[in-house]
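Peer 1: show me how the following folds:
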Amino acid sequence: MTLQKAFFILMAICILSCRSTIRKPITNLHWLLGTWENKTETGLVYETWKKLNLNEFIRKKLYLKRK
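Peer 2: Below you'll find the model as predicted:
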C-alpha cells in the first residue's frame, strides 16, 4: 500500500468517525415552551422558548432594570 492510499484511508476513517449520531427528538421539555417572567430585586427577566426543530430550542432573554 502506498503512502498516499494509506493517507486517504486514514482521512476517510476520520471523517466517518466525526459524523454525528442520530439524536432522539426532545420530548420531555415541552413544558419549557412559552414566555417566562422572573421578578428580581433589580428588575424583571423575561425568557421566551421556542422549538426550532426536533432537536433544538431557541431562547430569547430580556432584562428590564428598575430605576
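Peer 1: who's Lys39 bridged to?
Peer 2: Note on Lys39: beta-bridge partners Leu44, judged by DSSP bridges.
Peer 1: Glu37 touches Val45, doesn't it?
Peer 2: Yes - here Glu37 reaches Val45: they are 7.4 Å apart, a contact under Cβ atoms under 8 Å. C-beta coordinates here come from the backbone N, C-alpha and C atoms, glycine included.
Peer 1: for the two, indicate the residue with more neighbours.
Peer 2: A count of neighbours by other Cβ atoms under 10 Å puts Val45 above the other of Glu37 and Val45, at 14 against 10.
Peer 1: give me the distance between that one and Leu33.
Peer 2: Look at Val45 and Leu33: by Cβ to Cβ, to the nearest Å, they are 17 Å apart.
Peer 1: same thing with Asn53?
Peer 2: Using Cβ to Cβ, Asn53 is found at 13 Å from Leu33.
Peer 1: more neighbours: which of those two?
Peer 2: A count of neighbours by other Cβ under 10 Å puts Leu33 above the other of Asn53 and Leu33, at 12 against 9.
Peer 1: give me the phi and psi angles of the more buried one.
Peer 2: Main-chain dihedrals, Leu33, degrees, to the nearest 10: phi -60, psi 140.
Peer 1: then Glu56?
Peer 2: phi -140, psi 140.
Peer 1: may I have stretch 4-18 as CSV, with CA atoms only?
Peer 2: These are the backbone C-alpha positions of stretch 4-18, laid out as CSV (Å, rounded to 0.1, in the frame of the first residue of the first chain):
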residue,chain,number,x,y,z
GLN,A,4,-1.0,8.2,-0.5
LYS,A,5,-3.5,5.4,-0.2
ALA,A,6,-2.9,5.0,3.5
PHE,A,7,-3.4,8.7,4.0
PHE,A,8,-6.7,8.7,2.1
ILE,A,9,-7.9,5.7,4.1
LEU,A,10,-7.0,7.4,7.3
MET,A,11,-8.8,10.6,6.3
ALA,A,12,-11.9,8.6,5.3
ILE,A,13,-11.9,6.9,8.7
CYS,A,14,-11.5,10.3,10.5
ILE,A,15,-14.3,11.9,8.5
LEU,A,16,-16.7,9.0,9.0
SER,A,17,-16.0,8.8,12.7
CYS,A,18,-16.8,12.5,13.1
